[in-house]
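In: build me a structure from this.
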Amino acid sequence: PRPFYSLLRKYFPNEHKPTLTHHLFNLLEQKGLLLRVFTQNVDCLELIAGLPPSRLVQVHGTLCDAHCVGCKKQARIQDVHQQVMSGGTPQCGDPCNQFIKPDVVFFGEALPIGALTQSVMDMPRCDLLLCMGSSFQVMPFATLIEKVDDLVPRVLINKDSAGTSEDPGPLASSGSAFQFHSPDNYRDVFAQGDCDEQVVQLCRELGWEQDLYRLRDQCPGVLGAATLQSMQPLK
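Out: As a prediction, this is how the structure comes out:
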């Protein structure tokens, strides 16, 4: 665990600031337009940007919670953060003395059942699917784009094309891959470029640009204790 915790120092919440893309999620929530954010990221930047925990599904786990690998007792994440940032390796107390692990999903571990269940409930209710900053190489997360209705518009905001039948990856042979270049395409849109730049352009077109910058300027930049307490980890 020591090499893992050494690497983890770079990614712990409150060590980085949310981007404009993270603030867009909160803006959509405030406009009454957001159903859910599904993310592969574990850094909780969506929450730092002000998104309510109930609107976020961290499919690959979270750095905002931690448990003992032995007795499974929940650890106070503020204490874990302090120990890690000071170079320590968090351990459970007597008589357990096992290591404490943040609730992130390692390679080969099962995804939280709650994440998959939430997607089954949410995707049929979706009327616009926004996809951002993904290579669509990791399963089963990549298959989420297949779960919306066939008439739902799907927008990819990305530096590079991904998730199409022409791109190498798990969706290449899928009948539900993006159809950006197909003459039969009627719903898929590819907005190529930097996510933040495309988000600003989107907000400008909607008349929301100043609202977006207001959220950025008002963001405290840290994850509050009240937000941590309100989180319900997916099991």
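In: hmm, Gln179 and Leu171 touching each other?
Out: No. Look at Leu171 against Gln179 with C-beta atoms under 8 Å: they stay out of range, at 11.1 Å. For every residue, glycine as well, the C-beta is placed using N, CA and C.
In: which residues do the two both contact?
Out: 164-165 (C-beta atoms under 8 Å, 6 or more residues apart in numbering).
In: give me the more crowded residue out of the two.
Out: Comparing Leu171 with Gln179 by neighbour count (other C-beta atoms under 10 Å), the higher total belongs to Leu171, at 22 against 17.
In: secondary structure element holding the more buried one?
Out: Using DSSP states H and E, Leu171 sits within no helix or strand.
In: quick one: contacts for it?
Out: 136, 142-143, 145, 163-165, 177-178.
In: now it: closest residue in space that isn't a chain neighbour?
Out: Closest residue to Leu171 apart from its sequence neighbours, by C-beta to C-beta, 6 or more residues apart in numbering: Ala177 at 4.3 Å.
In: now that neighbour: how far from Asp211?
Out: 34 Å (C-beta to C-beta, to the nearest Å).
In: Val152 now?
Out: 25 Å.
In: and Pro18, by the same measure?
Out: Distance from Pro18 to Asp211, by C-beta to C-beta: 15 Å.
In: give me the more crowded residue out of the two.
Out: Neighbour count, other C-beta under 10 Å: between Pro18 and Asp211, Pro18 has more, with 23 against 16.
In: which residues touch the more buried one?
Out: Taking C-beta under 8 Å, 6+ apart, one finds 45-46, 48-49, 216, 219, 221 in contact with Pro18.
In: identify the residue spatially nearest to the residue nearest the centre of the chain, adjacent ones excluded.
Out: In the chain, the C-alpha nearest the mean C-alpha coordinate belongs to Thr39, at 2.3 Å (C-alpha atoms, centre = their mean). Of all residues not flanking Thr39 in the chain, Gln58 sits nearest, at 5.8 Å (C-beta to C-beta, 6+ apart).
In: how many residues are close by the one you found?
Out: Other residues near Gln58 come to 28 when the count uses other C-beta under 10 Å.
In: surely it meets Asp43?
Out: No. Between Gln58 and Asp43 no contact is recorded; they are 9.2 Å apart, counting by C-beta under 8 Å.
In: check the protein for me, the residue farthest from its geometric middle.
Out: Of all residues in the chain (C-alpha atoms, centre = their mean), Pro95 lies farthest out, 35.7 Å.
In: tell me which element it is part of?
Out: Using DSSP H and E, no helix or strand contains Pro95.
In: roughly how far apart are it and Gln74?
Out: 17 Å.
In: and the strands in this protein?
Out: 37-39, 56-58, 61-68, 74-75, 100-104, 129-132, 154-158, 188-192 (DSSP state E).
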